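Trainee: what would the 3D arrangement of this be:
(one chain, ligands or ions: 1)
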Amino acid sequence: MTAADPPVSVSSRKWTNPFAGIWRRPLTAAALAVVLTVTVAVILAPLLAPHPPLAQDLLHARGGPSASHPLGTDELGRDVLSRLLYGGRPALLGVGVAVSVYIVLGMSLGILAGYLRGWTDRVIVGLMDVMLSVPAVIIMLAVLAIFSQSNVAAMLTLGFLSAAGLARIIRSSCIALREELFVDAARVSGLSAARIMARHIFPGLVGLLLVQMCLFSGIALMVQTGLGFLGLATPPPAPSWGGMVGEASQVMEQSPSLLLISGGLIGLMSVAFGLLGDGLRDLTQDRRQGTGSRSQRPVPVAVAKDTAEASDTPPDAGVLAVRDYSIAFATPQGPRTVVDSVSFTVNTGEIFGLVGESGSGKTVTGLSLLGLLAPNGTVTGGSAWLAGRRISGLPERDLQRIRGSEIALVSQEPMVALDPNFTIGSQLSEVVRRTGAVSGGKDAVGQRVRELLSSVHLRDPDDIARRHPHELSGGMLQRVAIAMALAGSPKVLIADEPTTALDVTVQAGILDLLRSLRDERGMAIILITHDLGVVADSCDRAIVMEQGRIVEEGSVEDIFYRPQHPYTKKLIESTPSIARTEGRVA
Ligand SMILES: Nc1ncnc2c1ncn2[C@@H]1O[C@H](COP(=O)(O)OP(=O)(O)OP(=O)(O)O)[C@@H](O)[C@H]1O
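Mentor: Numbering: from 1, shown residues only. Predicted structure coming up:
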């Protein structure tokens, strides 16, 4: 990525249907079907019920299933199916009321606290603590004592008191979301806090809300039917699922099927809500890991046979040799080759430029050498060799061993390498210990950390070691990141646009530093850049890449004074400082 890349904006983030791909999960799909079927049937009760729910027929009391009574009759001869259909109305109404309050209140409090922070956060967190400390069942009973047998009042209370739990979950997710680049971009573009919350934060929480909604629906259903069972809501003879369980339990010995039917339906619905919530959570996770719905799933990349079996004879030149190297990404549209049969050799003690415009494949080439391609990327052909050892195709365990100690990376954004929670000293010490560069105790490690900080020309290493990353400037941070990369004394250092995020004078300092490190340590540096000025200034040799292929390779003098490829000439012409200085691009 270059600094020119626009920040990701929410409007450019595709809306993803939380239910997309549900049909690939039979259990989740079945749970959704159960919830929808029962809900629709309950809503259509007046049309579907074969009898009025209160109509008694004592001559046919406790009758078994028949054409006129598909689920039989109860002890007063009332049609069980009709009572189940009508009885679902208070149950689902209660669930709907509780869930609505739970979602609206929990979400609003969570987003306000998580996004606005400060005193709003403190007040809301205090309120949440109070709500969570109140015993919900006792308050519900008190409410029912005031609003006698009011299903709605009881379920409103349940939703209100439970909302604090949801608010906590939403607040945590919101705190993470507000640090995302697209939220920063929205803030910078002057959007109001309300608009950012509604347009940029809320869409990111929909999946989580749906999961919580399903899980809470199951709880609300159990509470509602419990109240019905106790006769505290929906007074008899009006049908309710809980009331039907209560009535059936009194004639359990004579007609066990009555209990089985009413209790079974409540159990089925409650399990369906739980399974639906779990399934939606898994679907959301799959989507995050890029294994979502079939239409979004990347088509896998085929690895050429000769990659796995490529020659075991190391190329005889260079500390790093790359031969016929190809990389492809699996995308929903099919495999996409982004690096195509590139070959180059980097010698000890040289700075080697990998230059080309954005998207030409420079970064993925560098990352693949460290085994750090994104999960959908694969080296599809060729081989890479480091100091005579083949590194392409190495298992992750072996790659971990060479990363940092034989080949290291410095990226454009130094904060990628640094954790804001720890001091520079502790982070460097950890790397020194991990790379095994120092044998000895705390003092030896501390000494090595000071040496590393001095080697990247940072004055007062002790002071720097005590500071946290946010206390350093961009240039200082980049020097610390370079020091970190040097900790294992790698043979090859890959520097990916190391100066792009810095201003011009700081850029010059970092390039000077890389040159002096090369001179002092004799290591090879691969400098990835889109800036021909940087190549002219720092590199010994370079390759020019266009759309994943090498179009030009040679010494820096050859590339600038005798460019062969039209693309190189165009690149030189589009770099004003060089075009002006050289003035003789053919
Ligand atoms: N995970 C990925 N899935 C699909 N395509 C990818 C992925 N990562 C990179 N690419 C594609 O690979 C190509 C090369 O990307 P790369 O990051 O190497 O470009 P670059 O030359 O370093 O440019 P820049 O400096 O802008 O990053 C680009 O077309 C990019 O879209």
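Trainee: contacts only, for residue 408.
Mentor: Residue 408 makes contact with 485, 486, 488, 490, 492, 493, 494, according to Cβ atoms under 8 Å, 6 or more residues apart in numbering. Bear in mind the C-beta positions are built from the backbone N, C-alpha and C, glycine included.
Trainee: neighbour-wise, which of the residues you listed leads?
Mentor: Neighbour counts for the contacts of residue 408 peak at residue 494, which has 28 neighbours (criterion: other Cβ atoms under 10 Å).
Trainee: any idea how far that residue is from residue 411?
Mentor: 9 Å (Cβ to Cβ, to the nearest Å).
Trainee: quick check: buried residues in stretch 166-182?
Mentor: For stretch 166-182, a neighbour-count test (16 or more other Cβ atoms under 10 Å) marks 166, 167, 168, 169, 170, 171, 173, 174, 177, 178, 180, 182 as buried.
Trainee: next, give phi and psi for whichever residue of the stretch 401-550 of the chain sits closest to the ligand.
Mentor: At 5.5 Å from the ligand, residue 530 is the closest residue in the stretch 401-550 of the chain, using Cβ to the nearest ligand atom. The phi/psi pair for residue 530 (degrees, to the nearest 10) reads phi -100, psi 0.
Trainee: so it makes contact with residue 359?
Mentor: No - contact between residue 530 and residue 359 fails when scored by Cβ atoms under 8 Å: they sit 9.7 Å apart.
Trainee: who's more crowded, these two?
Mentor: residue 530 (21 against 16).
Trainee: for this protein, what helix or strand is lowest in average pLDDT?
Mentor: The least trusted helix or strand in the chain, going by mean pLDDT, DSSP states H and E, turns out to be helix 305-308, with a mean of 50.
Trainee: narrow the buried residues of stretch 166-182 to those in helices?
Mentor: 166, 167, 168, 169, 170, 171, 173, 174, 177, 182 (DSSP state H).
Trainee: by pLDDT, rank those and give me the bottom one.
Mentor: Among these, residue 182 has the lowest pLDDT, at 77.
Trainee: which sections of the chain are below the confidence cut-off?
Mentor: For the chain, residues meeting the criterion pLDDT under 70 lie at 1-16, 181, 185, 188-189, 286-315, 416, 437-438, 501, 576-586.
Trainee: by residue count, which helix of it is the longest?
Mentor: Per DSSP H, the chain has its longest helix at helix 80-116.
Trainee: list the buried residues of it.
Mentor: Neighbour-count burial for helix 80-116, with 16+ other Cβ under 10 Å as criterion, is recorded at 80-99, 101-103, 105-107, 109-115.
Trainee: do the same with stretch 235-255
Mentor: Those would be 238, 239, 240, 241, 242, 243, 244, 245, 246, 247, 248, 255, for stretch 235-255 by 16+ other Cβ under 10 Å.
Trainee: now, which of those residues sits nearest residue 277?
Mentor: residue 241 (20.2 Å; Cβ to Cβ).
Trainee: and residue 211, what does it touch?
Mentor: Contacts of residue 211 by Cβ under 8 Å, 6+ apart are 277, 280, 281, 284.
Trainee: what sits up against stretch 240-257?
Mentor: 62, 64, 72, 74-75, 80, 83-84, 87-88, 90-91, 224-231, 233-234, 236, 258-259, 261-263, 265-266.
Trainee: from these, which land in strands?
Mentor: If you go by DSSP state E, those have nothing in strands.
Trainee: mark which of those residues are buried, thanks.
Mentor: 62, 72, 74-75, 80, 83-84, 87-88, 90-91, 224-225, 227-229, 233-234, 258-259, 261-263, 265-266.
Trainee: before we move on, back to that, and the ones in helices among the buried residues of stretch 166-182 as JSON lines, adding distance to the ligand?
Mentor: Output for those, formatted as JSON lines (distance: Cβ to the nearest ligand atom, whole Å):
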{"residue": "166", "distance to the ligand": "34"}
{"residue": "167", "distance to the ligand": "35"}
{"residue": "168", "distance to the ligand": "34"}
{"residue": "169", "distance to the ligand": "30"}
{"residue": "170", "distance to the ligand": "30"}
{"residue": "171", "distance to the ligand": "31"}
{"residue": "173", "distance to the ligand": "24"}
{"residue": "174", "distance to the ligand": "27"}
{"residue": "177", "distance to the ligand": "22"}
{"residue": "182", "distance to the ligand": "18"}
